[in-house]
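A.B. asks: pasted the sequence and its predicted model underneath.
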Amino acid sequence: VSPATSAEDLHLITSDRSPKLSSRTNRLSKTQVVDSVVKIYIPDHTHKYLDVTPTTSVAEVISRGVKEFYPDRFVASPSDEFCVCMVTVQSRSGPIRNSVLPGHLTDLANVIGLESRYYLKERAYHGTLVQDEEAERIVKESRQWESILNLKPMQVAEELTRMDSEVFCNIDPSEFIADLWKDPNVTSRLHLNEFETIPNDEMYWAITIIVTETNSAIRAKIIKHFIKIAKCCKVLKNYNTMFHILSGLNHGLVQRLRNSWEKVPHKHKKTMEDLTSYMNPFHNMSKYRELQRSAKPPLIPFFPIVKKDLTFLYDGNDSVVDGLINFEKLRMLSRQIRIVKSYCSQTILPAPTEVDLSQLGVFNRTISSLHGSLRWKQRSPAHMMSLTESALKRVYNHNRMAKMVRKHLSRKYVLQDENYLEQIIDSHEKLMMTRRGNPPSPLNKGKKSVLEKKHRSANISPSNSFDATSLDVLTHPTHSITSNSLSAVLSPIHTDECHTHQRSPSVNSFTSTNSAPPK
């Protein structure tokens, strides 16, 4: 077999050159893209991965599941003897809910949540599917989305790009004109105003996650993670998000954490320097403009540059010359708006999860590089099935990670009040200095005294610690307070890296860094 350069080339290889496979492998080998995969358990907690489509019904999954789990057993009517049960465990102390799915239900990959599992069981089985130990494992897995470190940078960048692209593509050309004319009617530029709120949200999201982390070593990992996300945004041609994540990393509050930056590997610092070089305003940001010019649409441009160019065209040319309308000015504006709209010729969507035939057992790719030379060799049918299982597992994990990313971004906690963010660091700094000067004895100092000491350092009355803390935080109307975010904000930060010098301004010259919260 001659070397191939992609999964598409492998798709053209005729089946008579490959060994004889089972019906399941033959079915998968006819397609290049697997829509989605579900993970099915049986009562003894062994599991299998089944590829499904949005139209695959529960009855079909039952029929295929019985053949996978019980290949030596003859079942005349699988749907009458077996059923698919969805087990949901939302919390460690909460109830375990079991629900039998109807046979006509479809779109199984999207119906299930992170806290649920599919179980294939006999209808006559009335035992407990999930014991306490297994329920604890389900809850632990379902809460991995809460930490940004558990999310893959590329999939975070893909989801951010998808969300931003949807808004950017919905901007009508007339909204740019309404913005230049300062139209008082807000409804004339709804999508444009919505897109303009994204940069601050993304920048302060990165700042909030970094500043509220209590451990300097973990904080360094988070910084490294955001550098990777920014790099992935550049690969996806989402320059708007890339710039604003970099603005968050270059913000004075984040740069103040020097001890954490010392723990960031040099290669990631070098990557950040390379990405930040595109923000250099030298020669009207010529380096960034060259990058944007060389990229093919669809892409998301750095939006402040778009507004700057339109504003210069509008304000730098007279609308009326010698008593006549300056149509050349209108033509230049129209040309520039058409260029901007050409960037969103289509919505940027994450690419479907591809499963090339080498992973489905026909051939084994021995060189990992996608664009390098490839070498193939045939495998035995038994080994082909294990490769098929591995490929389906990879697709399942990819789709589950996408769900985790969407949930994290939909519930992200953002603080945009810089004064309040600085107060968080200052209060923990005072607490750390107090502990260094007079360290508490573990025999005499209980949790209550430490808690009161923490509240005193934040100038909060310790008489009713929870209520006082809530009042102090709720005085900032821009904060969306949850129990997790409140504990994160009030937890002591390792402030041995904090310095009391005046905070430097944000590197992003296009983003407002006023101390007052944005309206």
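C.D. replies: In hand now; what should we look at?
A.B. asks: CA only for contacts and neighbour counts going forward, please
C.D. replies: OK.
A.B. asks: and the helices in the stretch 151-300 of the chain?
C.D. replies: Per DSSP state H, counting those that start in this stretch, the stretch 151-300 of the chain carries helices over the ranges 153-169, 173-180, 190-196, 198-211, 216-235, 239-249, 252-255, 258-262, 266-276, 282-294.
A.B. asks: pick the most deeply packed of the ones you listed.
C.D. replies: Each of the helices of the stretch 151-300 of the chain was scored by mean neighbour count; the highest is helix 239-249, a mean of 25, by mean count of other Cα atoms under 10 Å.
A.B. asks: if we can go back for a sec, between the helices of the stretch 151-300 of the chain, which gets the lowest average pLDDT?
C.D. replies: Ranked by mean pLDDT, the helices of the stretch 151-300 of the chain bottom out at helix 258-262, with a mean of 87.
A.B. asks: what's that one packed up against?
C.D. replies: Judged by 3 or more Cα pairs under 8 Å, 6 or more residues apart in numbering; DSSP states H and E, helix 258-262 is in contact with helix 216-235.
A.B. asks: quick check: residue 419 vs residue 426, distance?
C.D. replies: Counting by Cα to Cα, to the nearest Å, the gap from residue 419 to residue 426 is 10 Å.
A.B. asks: hmm, I was thinking of residue 47
C.D. replies: 51 Å.
A.B. asks: list the contacts of residue 178.
C.D. replies: Neighbouring residues of residue 178 by Cα atoms under 8 Å, 6 or more residues apart in numbering: 188, 189.
A.B. asks: same question, residue 404
C.D. replies: By Cα under 8 Å, 6+ apart, the neighbours of residue 404 are 114, 144, 145, 151.
A.B. asks: for the protein, longest helix please?
C.D. replies: Longest helix of the chain, by residue count under DSSP state H: helix 381-410.
A.B. asks: buried residues in that helix?
C.D. replies: Buried residues in helix 381-410, counting neighbours by 16 or more other Cα atoms under 10 Å, are found at 381, 384-385, 387-396, 398-406, 408-409.
A.B. asks: report pLDDT for residue 398.
C.D. replies: 92.
A.B. asks: likewise residue 88?
C.D. replies: Listed pLDDT for residue 88 reads 94.
A.B. asks: count of neighbours near it?
C.D. replies: 23 (other Cα atoms under 10 Å).
A.B. asks: do the same with the one 5 residues further on
C.D. replies: For residue 93, the tally of surrounding residues (other Cα under 10 Å) stands at 10.
A.B. asks: just the one 3 residues further on next, same as before
C.D. replies: Using other Cα under 10 Å, the number of residues around residue 96 comes to 18.
A.B. asks: picking up where we left off before, and the helices of the stretch 151-300 of the chain: which comes nearest residue 302?
C.D. replies: Distance to residue 302, taken as Cα to Cα, is lowest for helix 239-249 among the helices of the stretch 151-300 of the chain, at 4.2 Å.
A.B. asks: in the stretch 51-200 of the chain, where is pLDDT below threshold?
C.D. replies: Judged by pLDDT under 70, the stretch 51-200 of the chain has no weakly predicted residues.
A.B. asks: can you rerun that using 90?
C.D. replies: Low-confidence segments of the stretch 51-200 of the chain (pLDDT under 90): 73-76, 90-96, 126-128, 131-133, 178-190, 197, 199-200.
A.B. asks: and the gap between residue 101 and residue 229?
C.D. replies: 38 Å.
A.B. asks: my error: substitute residue 389 in the last question.
C.D. replies: 30 Å.
A.B. asks: next one: residue 236
C.D. replies: For residue 236, the distance to residue 229 - Cα to Cα - is 10 Å.
A.B. asks: joint contacts of the two?
C.D. replies: residue 157.
A.B. asks: distance of residue 230 from residue 163?
C.D. replies: To residue 163, residue 230 is 16 Å away according to Cα to Cα.
A.B. asks: now swap in residue 196 and tell me
C.D. replies: Where residue 163 is concerned, residue 196 sits at a distance of 13 Å (Cα to Cα).
A.B. asks: same deal with residue 109?
C.D. replies: Residue 109 sits 21 Å away from residue 163, going by Cα to Cα.
A.B. asks: related to what we said a few turns ago, between residue 419 and residue 426, who's got more neighbours?
C.D. replies: residue 426 (19 against 12).
A.B. asks: tell me the phi and psi of that one?
C.D. replies: When read as degrees, to the nearest 10, the backbone of residue 426 gives phi -60, psi -40.
A.B. asks: tell me the mean pLDDT over stretch 345-365?
C.D. replies: Rounded mean pLDDT across stretch 345-365 is 48.
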